[in-house]
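Trainee: Just need the structure, nothing else, for what follows:
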Amino acid sequence: MASGHGSLNLSERVDWSEFPGYAQQLLAEIGGRQVSQDDGPDIRLWEVEVRGERLRLVYDDYPQMVSLDAGSDAADFLLRSLVTDLTVVRGKGTG
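Mentor: Numbers count the residues shown, from 1 in each chain. All right, here's what the predicted structure looks like:
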């Protein structure tokens with residue numbers, strides 16, 4: 001990202017209306033919770049907390065994508081850990 005922090009691209013198949021369900025399922029898988037949300041016509045931005053770190057869970061419609069974005073060095077480290085966790089969980093056919 002322009003901030004120099006990491007971003008994890010999660011899906012290009014989720015649309016605007018599917019995002020809340022997708023986001024809730026993802027947060028359940030990674031032990032996170034929604035802190036706040038800001039929805040617009042072309043973007044949905046949820047601030048979430050996972051393992052004590054704040055991240056942004058974002059749906060953008062151009063290009064259509066859901067991403068998990070870090071805003072600090074500690075959140076960057078968490079994203080790297082989540083890549084492994086999500087690969088294992090989704091590899092078991094749960095996502």
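Trainee: Residue ranges in the protein under the pLDDT threshold?
Mentor: Counting by pLDDT under 70, the chain contains low-confidence residues at 1-3, 88-95.
Trainee: What lies in contact with the lengthiest helix in it?
Mentor: When the chain is parsed with DSSP state H, its longest helix is helix 73-91. Under the contact criterion CB atoms under 8 Å, 6 or more residues apart in numbering, helix 73-91 has outside partners 5-8, 10, 29-30, 50-51, 53-55, 68, 70, 95. Glycine gets a C-beta too; all of them are placed from N, C-alpha and C.
Trainee: 6 Å instead, please
Mentor: 5, 6, 8, 29, 30, 53, 55, 70 (CB atoms under 6 Å, 6 or more residues apart in numbering).
Trainee: of all those, which two lie farthest apart?
Mentor: 5 and 29 (22.0 Å; CB to CB).
Trainee: What distance do you get for the residue nearest to residue 63 when sequence neighbours are not counted to residue 61?
Mentor: Leaving aside its sequence neighbours, residue 63 sits nearest to residue 12 (CB to CB, 6 or more residues apart in numbering; 7.3 Å). Distance of residue 12 to residue 61, given as CB to CB, to the nearest Å: 11 Å.
Trainee: picking up where we left off before, Serialize the contacts of helix 73-91 to a markdown table and add fields for secondary structure.
Mentor: Listed next are the contacts of helix 73-91 as a markdown table, based on DSSP: H, G, I helix; E, B strand; the rest coil:
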| residue | secondary structure |
| --- | --- |
| 5 | coil |
| 6 | coil |
| 8 | strand |
| 29 | helix |
| 30 | helix |
| 53 | strand |
| 55 | strand |
| 70 | strand |
